[in-house]
Structure formats: C-alpha cells, structure tokens
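Chemist: how would this look folded up:
(chains A and B)
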Amino acid sequence: MALSIAYLAVIAALASAVIALGTDFRRNELTRTLPFLLLGVSGAAAVVAGGWALLDGLKLSQQLPLGLPWLPWHLRLDALSGFFFAVVGLLLFAVSFYGPAYVREFESGKQPLSVLGLFTGLFAAGMLLVLLADDAFAFMVAWELMSVSSYFLVTYQHQNAPNRRAGFLYLLMAHVGALAILLGFGVLAGFGGHFTFDAMRAATFSPLWASIAFVLAFFGFGMKAGLVPVHAWLPEAHPVAPSHISALMSGVMLKVAIYGFIRVTYDLVGDIQWQWGLAVLIVGTGSALLGVLYTLMQSDLKRLLAYSSVENIGIIFMGLGLSMIFFGTQHPALGVIGLIAALYHVLNHAVFKGLLFLGAGAVLYRTHERDLERMGGLIHRMPVTAALFLIGCVSISALPPFNGFVSEWLTFQAALQTPKLESGVLRAILPIAAALLALTGALAAAAFVKVYGVAFLGKARERRAARAREVPTGMLAGMGFLAALCLVLGVLPTTVIGALKAVPQLLIGEIPTRMTAHGWLWLTPVSAKVASYSAPLVLTAIVIVFFVGRLLLRRNANPIRRSAPWDCGFGPLNARMQYTAAAFAQPIRRVFSGVWRVQEQVDVTYASAPATLVSGIRHQLHIHDWSWLGLYEPIGRLVLAGARRIGLLHSGSIRTYLMYSFATLLLLLWIVT
Amino acid sequence: MSAAPDPYIAWLLAAIQTLLFIAAAPLLAGWVKRVKCHMQNRAAPSLFQPYRDLLKLFRKDVVLAENASWLFRVTPYVVFSAFVLAASVVPLVAAHLPTAAIADVIVLVGFFALARFFLALAGMDIGTAFGGMGSSREMTIASLAEPAMLMAVFTLAMIASTTNLSVVIEHNLHAGLVLRPSLLFALLALVMVAVAETGRIPVDNPATHLELTMVHEAMILEYSARHLALIEWASQIKLMIYAVLIVNIFWPWGIAEVFTAAALAWGAVAISAKLALIAILLVVWETVIAKMRLFRVPQFLGFAFLLALLGMLTHVILETGA
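Modeler: Predicted structure coming up:
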C-alpha cells in the first residue's frame, strides 16, 4: 500500500511533466495551475508514503519490468528512503502552492513555459526514483534523469551567457561525480556478484576495497552535495535557475546526494571504519566554515543562499562524520546521536533553505533584483514576505526555539561525548571541530543579519525596491507552510526524533537510546543528567514574558510619536548613507583576510576648483573563490594542454588516419594471438 | 542531595530565583558604577540610581524614528524575554532547580545569540549609518567571541561530562580543591569573552556615546522610553548572568543544594559577597586598562579562543590520560 502511494507520487510528477507540455497551446489559469496541482499531489503522496515507511519501519520491495529486458528494476521503500521521500515531498508540496503565481513572470519571457514545466516534473520524478531504486542500474538511470533535467532547468533562461556557463559547469561536474558513483557501484557489484543492492549488502569486502568504494562514493556524492572543494558548480548553478527550482535544488536535490552517501556507506558497504568518519568530519568542517565565510561576502541574494547551502551540507557531513567515528570505534549509542543530528539537519535545511529561496524568489518577482545593494526597506512594502523570510533567517542562524538550533545542538552534544573515545588524537580533534561549528554558527548569524538588514530593513535604495508590492497569496501560502514547519520542527524535537529513530534501527540495528526517554517535553541526547533541552517550555516562556511585558508597559501609555532619526545635526539622511552589504561584512573580511582572494580598488577624483575637494569616489570590490585558482583552473589548463597534445594526431590527412587504423589492427591482432 | 523535593515548591523557588535575578541586576550595575566612581575619585551616584533611571524611562513617551518598522518595536521585548529566560536557567542561590533542565549551557549561548540577532536587526532598521555600524561590529565581535565561549564551556562540560549548569556546579563543588590547569585556562577565556560580550572596556565602553568607538550603544541609539528601558535592563541582566556564571562555576561554595531556609539564606549571602567582589575586580580592570581599537579586538578574542583551546587540550591529553 505504502509502495503504491510512492508510485503515485512518481506517476503524478511524470503526469505533471506531460501536462505541462500543453501549457503553450492554451494559456490560462488552468494550464498554469494544473502541472503544479499534480506536483502537489506528488508531494503529498510522497509525504504520506515516506512518513508511513518511516513511522512503521516498513521494508517493502518490488521488481518492475522496466528498463532492459533481462534487468528488471528493483524498487524498495524502507525507513531511510522513506525519510528522504518525505523531505522531497514536503518541498514539492510547498512549491506547488508557490509555483503557479511565480511562473507567470516567465509567460512573457523568451522561453516557452512548457519546457519549464516538463523538466520540473521530470526532475521531481527523478529525485523520487533515486530514493526508490534498489539496484545500481535503476539508481544510475534515475540519478541521470535528475541531473540532466535539472541541467535544463538551470539553463532555462539560456539567453544569458552566465546561465549557459553555469549549466555547462554543472553538467560537467555532475557527470564527473556520476562517474565516481558508477565506479563505486562497480566495486560493490564486483564483490556482490550482482547489481542489486541486496547482493551488495550481503557481500563481504576486504578493508581495502571497502575503503576504495567509500572514497569513490564520498567523492561522487560529495560533488553532487557541494562539499568544499568540489562545490564550485553550486554557487553558479543554483542562483540562475528559477527560484522555485533553486529551492528544490538546494533544498532537496543536495539531500538526495546525502541519501546516496548514507545508503552506500552505512547500508551497502556496512562495516564503517573510523578513519572514514574522520575524513568526513574534516571535509565537513572545512565545508561548513569556508561555506559560511564565502556566504558572508556575497551580495547577490541567491548566490549567497547557494553558498550557505555549502555550509549546511558541511554541517550535515559533520554529523555523519561524528556518527561514523563512533560507529567505527564501537560506540553505537553515541553514533546514533550523530546520525540523528545529521538527518534532523537534512530535514531542517530542506525546510528553511526552501523557505529562503522562495522568499528570494518573491523579492525577485516584485523588484527584479538579486543584488542586495539595490534593495532595502522591503519590510514596509512586503510585510508578510518579510515576516516569513525573518523566520527563515532565524532558523538558519541556529537560534532557539527554531529548528536549525535543535540539529546543531545535537551535533554539539555528539561532539562533546569524545571523552569516551580511546584515541587521544580523536579526543582532541572532535572538540576542535565543535568549536569550528560554533564559529560557523556565529558567522551564519552575521551573514543573515546582513541579508535581512540590507534587503528588508532600512530605506529602499532603488526605485524598484521602493515600489515593490506584496506577492500573491499562493506564493505566501507556499512560504507560510515552510515557515510553520520551521517552528514546529524546532518546538517538537522529541516527536521528530521519535520518528527518525527508525533509520538508525534499519542501518545499524536495535540500539537503545534515551534521547526521548523523558517524554515529549524533554530532549535528552545521552541522559537527563548530561544535557537536556525543552523547546516547548522555551517557547512558552518567551511568549509569556513577551506578552506580559507588552501588556504591562502599554497599558496606559500615550500614543507613539514619530520623528526624524538622529543625524548629528547635519541635515536629512538619505538611503545612500545606509550601511551597505559590503560595508557590513568589511570587519569580517579584514579579520579573516586570506580566506578569499580580494581585489579592492578605490579611485578618488578631486574637484578642479579647490584641489583638495573630493568630487567622487569609486570603490570596486571583487572577491574570488580560491578553489577556482587553486584547483579548477590548473585542472582546466592540464586538460586543455592534454587535448592539444592529442590534437597533434589530427593531421587532417586521410592517409595518416588509415595508417592509424592499420597500426591499431596489427596491435590488436598481436594481442589476440 | 536530599530526597527529591516537592516539584511545586521547586518550580516556585525557581520562579522566585528568576525574579530575584532580574530584580537584582540593576543593583549590580549600580554597585559597579559606584565602585568605579570611588576608584576614579569622582562623586558616586546612589546605589539605586539604575532603578531610578529605569523607572524614569518606563514613564516617558516613546518617540520612534520615521522609518521604524514593527521589528524595531518588537525587538526590546524579544531581547528582554531572551535574557529573562537565560536568567531563569542560571543557578543563582540554589542549584538543581527545575528550570536548569530547560536549557543547558549551549542553549544559554543560543539565547544570547537570539537577543543579539534581533538587536543587530533593529540597529539596521532605521536606515542610519550608526545603526549599521553598530550591528556590523557587534556581529563581528560576537562571531569571534561565541566560539571562544563555547570552547571554554566545552572544557567545563568535558570535565564534568555534562552541559547542564547545575550538574557542572555540583561536580565542581564536590571535586574539592584540585588545581586543574584546564579549569584555569577556561576561566581566563571565559572572563575575556565576558568582557567582550557585555561590552566592557577594553572591547567596548558602556559609558561612551562617542560615535567612533561605540558598538552596543550605536545599535540602540534610536531607542527611547520603555523600549530603551527594556534593553538597558536586559544588558544589566546580561552582565549579571556572566558574573554569576563565572563565580558560581569556578567558586561554587555556598550555593544551596537543598531547599531549606538556612541553606537558601546562606546561598543568598554567599552569592552577594561573591558578586560584590567580582564587580570590584571588574572595576579595577576597567580602570587600569584603556579601550582598544576595533581591529585589535579580534586579537584579544583570538587569544581567548587560544586559551580555551589550550584548556580543552590539556584536559583531553593530560587529565583523562588514555
């Protein structure tokens, strides 16, 4: 039954793709809404099927005679895929409300709307199928469906050169990653004797080959998830896609890669070695820290959010790394905390990043601006969007009582259990990773104060921002749904964890944990004496103090008087005198200089009459990602140089080519004999 | 610890302690100011001057800047709630109160971050350069102070193998007088972070309204009347929280572990004496040290982080020997 609902989710997504093709023949409310309605059905079905599998710990598998004749598709829905299925479903559901109004913007664009709808449907179906796949063949087919259809979404507005460039980079890196995944499956299938996951699960691996499979999976899935230093495609590709697609890509496509990593490492390879965990922890910490530092320096709203995804993926991998270290050193009860922290953050990041991308889309929809420096004062013009976006910012900055805080808190708690480890090196490294996570969290808060303060607060910097209006109700509903989830997931962590427990149970086996032993009110990762957090009470206390304070103080107060702000007696302030996004981040840029390659140029022009009077200042700031200079450009040059060498063979003369063929033939004959 | 006390009495005591905490916070601020005046040969205001200031502010009419949004008006309440909640978690007179379980010390840092987040946003709401400058500087300093603080806290947490404040205090109380180098490093780091976070000299100057040097005051420049009162009160609570944290974690002697009248009275006397003493130390520090330039602050906090890291490493390498 749950499996049938899962099929319904996939079929509804495919149907949405097909129906979208008709959008161009008849343009009206119905043809615009219908594909999204089906997408919503798909999302709801995915939540139901996934939630069911998760809550009941189902393990359903089936073979479908699809694909090649002698290789049927094996499909399976269990707690792990069910959890990710539900996460994908939640975002699809939110997007289905948001989409119909949002795509109206593209109706008058150069591209047909049908293309957008077609590939959105295929993309959703691809993600869902990856989660259902139970053999390497089906997995790779679905994986490619997901990658290629999202390529077309990234290049949807291909009249802009940056979009084409981003699309090419995305396609290239997606396939380098896919190649590594394929090789990883090759290793597993070599030992298992078959492409089904069941065969791989049953196989036993030598430690060396298990490590090789792990490294290939880590590289391949890490590339798709956007770990530093293979993240370069992410900040290019995510911003240029339409915003609801960015929300899906950042919110859930990256999570599908994390699903793949967990499936291969925990489930198929099994036998986790702590050295793997250490590698994952170090790469994850690096991604989190560098991701947030790059986030801080962006002034393009969607690019900033994309870099922040790198950060959050890093945090998820930190949780996974911690859990792998604990599993590898035979502390399964602690490993469960790390794994649950990572899964919880998967869910949280999907929700708040989806919300933030949809919010960025709402701003884009009304102001046609992605540059923070041209926004400002939107809280007056778009009050509801502003309130919802604020919830997203508070959640992503890991502030209690919202959801981002719970998963980071759990990650801290996992990292603090290090005294139980035997190795002194690990005991020293884990708390340092935790401290870097604290730095990451604090910098993320700074980044989102910057985003919200510059875009929504203050005065409008440009006319378009000053004239913005609130977005249509459908878009608000999509964002409101996710914002409500941010609060619910933050306030009821024990309920969520109670549901998540099925995943470690599936992967590792029955492990007694006391995380939710003290009832729904108290979250206690290890035991009540070690640490506890009661989000419902925190929320209640804040609400009580807030309203009591307001009631007492405003009881018999005079009406509020408005007046001009303090201007030091120099005359009226204008919007150009506000702090800009670049100015806000300047102290941090100075403190952490060296992390970026910063090119800053200040040209001062002087007036002619009194030669000391400054008539204009031009400030240029370019901030580059080191990974381009240090990694990609050398590789690119190497590939080009190699291609040029190989190009020497292409003389253009048919006689030379015939000689090549002849020589090859002789060589092959010699080998055969 | 004696048998589990009646939960109603425990919750009642917790509520009373919280009220006591927020009521006493201006007194501590007044004491600091008074001692400072004496130290600097100035005529000192009354010990109760902060109460009079708050009362005056509460009575005044609010003047809002033209561009202020709802966020600006909500922020004082959010900030105050966050600090009241934080105060309820910190053991003042008695340990093992039920509120201590609501949030551990990491959540406490989270409350501070929540208050700071909203204050920084309010600073940017008006659209003046002052507010933006204050917010930018506050977030920069905080992003360096928070990891140092958590690192110090992690050291304590690992020593007591808990992040629950009550249990940490209980552990330190019963561990006796053992000189642990890790605790010493953590103490130094925590003191440095506390100085930065409460906006004291040498990081920020609570007494100044000079534009170029201020951080916290720049953010709240546009606030008036009851809004300002709430924010001022909240910063007094913050100072008190840090002071109580430092004295009660590192010198927990005297704190009540059972809820009898005698123990509670003795706990109240002990904490008053300890707070009076640490306030004098703060004043001496603030009098003999000059304020730093803003870009020296990262070095100051980097040093705090390093100390905390050293404390943690000495603990995991030397004290838990494998």
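Chemist: low pLDDT regions in the chain?
Modeler: Just so you know, I chose chain A. By pLDDT under 70, the weakly predicted segments of chain A are A:26-27, A:512, A:556.
Chemist: wait, chain B
Modeler: Low-confidence regions of chain B, defined here as pLDDT under 70, cover residues B:1-5, B:176-177, B:208-213, B:320-322.
Chemist: what's the helix or strand for residue B:47?
Modeler: For residue B:47, there is no helix or strand it lies in under DSSP states H and E.
Chemist: wait, it touches residue B:32, no?
Modeler: No - with contact defined as CB atoms under 8 Å, residue B:47 and residue B:32 do not form a contacting pair (10.4 Å). Just so you know, the C-beta spots here come from the backbone N, C-alpha and C atoms, and that holds for glycine as well.
Chemist: between these two, tell me which one has more neighbours.
Modeler: A direct count of neighbours by other CB atoms under 10 Å in any protein chain shown for residue B:47 and residue B:32 places residue B:32 higher, at 24 against 14.
Chemist: run through the bridge partners of the residue nearest to residue A:626 when sequence neighbours are not counted.
Modeler: Distances taken as CB to CB, 6 or more residues apart in numbering or on different chains place residue A:597 nearest to residue A:626, at 5.9 Å, with adjacent residues excluded. For residue A:597, the beta-bridge assignment (DSSP bridges) gives partners residue A:624.
Chemist: repeat that for residue A:617.
Modeler: Here residue A:617 sits in beta bridges with residue A:604, as judged by DSSP bridges.
Chemist: mind listing what the residue most central in space within chain A touches?
Modeler: In chain A, the centroid-proximal residue (CA atoms, centre = their mean) is residue A:250; its distance is 3.5 Å. With contact set as CB atoms under 8 Å, 6 or more residues apart in numbering or on different chains, residue A:250 has these partners: A:238, A:305, A:306, A:309, A:353, A:354, A:357.
Chemist: apply 6 Å and report the result again.
Modeler: Listed by CB atoms under 6 Å, 6 or more residues apart in numbering or on different chains, the contact set of residue A:250 reads A:238, A:309, A:353, A:357.
Chemist: please identify which of those is nearest to chain B.
Modeler: residue A:353 (18.0 Å; CB to the nearest CB).
Chemist: before we move on, which element is that closest one in?
Modeler: Secondary structure here is read from DSSP H and E; on that basis residue A:353 sits in helix A:332-367.
Chemist: what's the distance between the residue of the stretch 501-650 of chain A found nearest chain B and residue A:461?
Modeler: Ranked by CB to the nearest CB, the top residue of the stretch 501-650 of chain A for proximity to chain B is residue A:579, at 2.4 Å. Using CB to CB, to the nearest Å, one obtains 11 Å as the distance from residue A:579 to residue A:461.
Chemist: equivalent analysis for residue A:566, please.
Modeler: 21 Å.
Chemist: these two: which is more packed in?
Modeler: Applying other CB under 10 Å to residue A:566 and residue A:461 shows that residue A:461 carries more neighbours, namely 24 against 14.
Chemist: surely that one meets residue A:372?
Modeler: No - in terms of CB atoms under 6 Å, residue A:461 does not count as a neighbour of residue A:372; the distance is 9.1 Å.
Chemist: of all of chain B, which residue lies closest to chain A?
Modeler: Closest approach between chain B and chain A, counting by CB to the nearest CB: residue B:132, at 2.4 Å.
Chemist: quick one: that residue and residue A:579 touch, right?
Modeler: Yes - at 2.4 Å, residue B:132 counts as touching residue A:579 under the criterion of CB under 6 Å.
Chemist: the more surrounded of the two?
Modeler: In terms of neighbours (other CB under 10 Å), residue B:132 is the more surrounded of residue B:132 and residue A:579; the figures are 27 against 24.
Chemist: tell me the buried residues in the strand or helix carrying that one?
Modeler: Following DSSP H and E, the helix or strand that holds residue B:132 is helix B:129-160. If you call a residue buried by 16 or more other CB atoms under 10 Å in any protein chain shown, then helix B:129-160 has these buried ones: B:129-160.
Chemist: tell me where the stretch 51-200 of chain B has helices.
Modeler: According to DSSP state H, counting those that start in this stretch, the stretch 51-200 of chain B carries its helices in the segments B:70-89, B:105-125, B:129-160, B:165-174, B:181-197.
Chemist: what angle separates the second one from helix B:181-197?
Modeler: Going back to what we said before, that points to helix B:105-125. Interaxial angle, helix B:105-125 versus helix B:181-197 (axes from the mean of the first three to the mean of the last three CA atoms, to 10 degrees): 20 degrees.
Chemist: one step back: got the contacts of residue A:250 as CSV, with neighbour count and distance to chain B columns?
Modeler: As requested, these are exported to CSV (neighbours: other CB atoms under 10 Å in any protein chain shown; distance: CB to the nearest CB, whole Å):
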residue, neighbour count, distance to chain B
A:238, 28, 25
A:309, 26, 20
A:353, 29, 18
A:357, 33, 21
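Chemist: hang on, the earlier thing: helices and strands around the helix holding residue A:353, which ones?
Modeler: helix A:79-102, helix A:243-248, helix A:301-328, helix A:383-396, helix A:403-415, helix A:473-491, helix A:493-500 (3 or more CB pairs under 6 Å, 6 or more residues apart in numbering or on different chains; DSSP states H and E).
Chemist: which of these sits closest to residue A:426?
Modeler: Minimum separation from residue A:426 across the helices and strands packed on helix A:332-367 (CB to CB) falls at helix A:301-328, 6.5 Å.
Chemist: neighbours around residue B:80, how many?
Modeler: Residue neighbour count, defined by other CB under 10 Å, stands at 23 for residue B:80.
Chemist: if I pick it, what's in contact with it?
Modeler: Applying CB under 6 Å, 6+ apart to residue B:80 gives the contacts B:230, B:234.
Chemist: also residue A:40?
Modeler: Residue A:40 makes contact with A:93, A:96, according to CB under 6 Å, 6+ apart.
Chemist: and residue A:137, by the same measure?
Modeler: Applying CB under 6 Å, 6+ apart to residue A:137 gives the contacts A:71, A:195.
Chemist: tell me if residue B:214 really is in a helix.
Modeler: No - assigned with DSSP: H, G, I helix; E, B strand; the rest coil, residue B:214 falls outside any helix and is coil.
Chemist: returning to what we had before: tell me the SS of the residue nearest to the centre of chain A?
Modeler: helix.
Chemist: how about it: what's its closest non-neighbour residue?
Modeler: Once flanking residues are discounted, residue A:250 sits nearest to residue A:309: 4.5 Å by CB to CB, 6+ apart.
Chemist: residues near the residue in the stretch 51-200 of chain A that chain B sits nearest to, how many?
Modeler: Closest contact between the stretch 51-200 of chain A and chain B, by CB to the nearest CB, is at residue A:98 (23.9 Å). Number of residues near residue A:98 (other CB under 10 Å) recorded here: 28.
Chemist: which residues does the residue nearest to it when sequence neighbours are not counted contact?
Modeler: If the residues on either side of it in the chain are set aside, residue A:98 comes closest to residue A:478, at 3.0 Å by CB to CB, 6+ apart. The neighbourhood of residue A:478, defined by CB under 6 Å, 6+ apart, consists of A:94, A:97, A:98, A:358.
Chemist: which of those are buried, as a ChimeraX select command?
Modeler: Of these, the buried ones can be selected in ChimeraX as follows, counting by 16+ other CB under 10 Å:
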select /A:94,97,98,358
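Chemist: residue A:24: which of the contacts of residue A:478 is nearest?
Modeler: The shortest gap between residue A:24 and any of the contacts of residue A:478 belongs to residue A:98, at 21.5 Å (CB to CB).
Chemist: what's near enough to touch the closest one?
Modeler: A:244, A:358, A:475, A:478.
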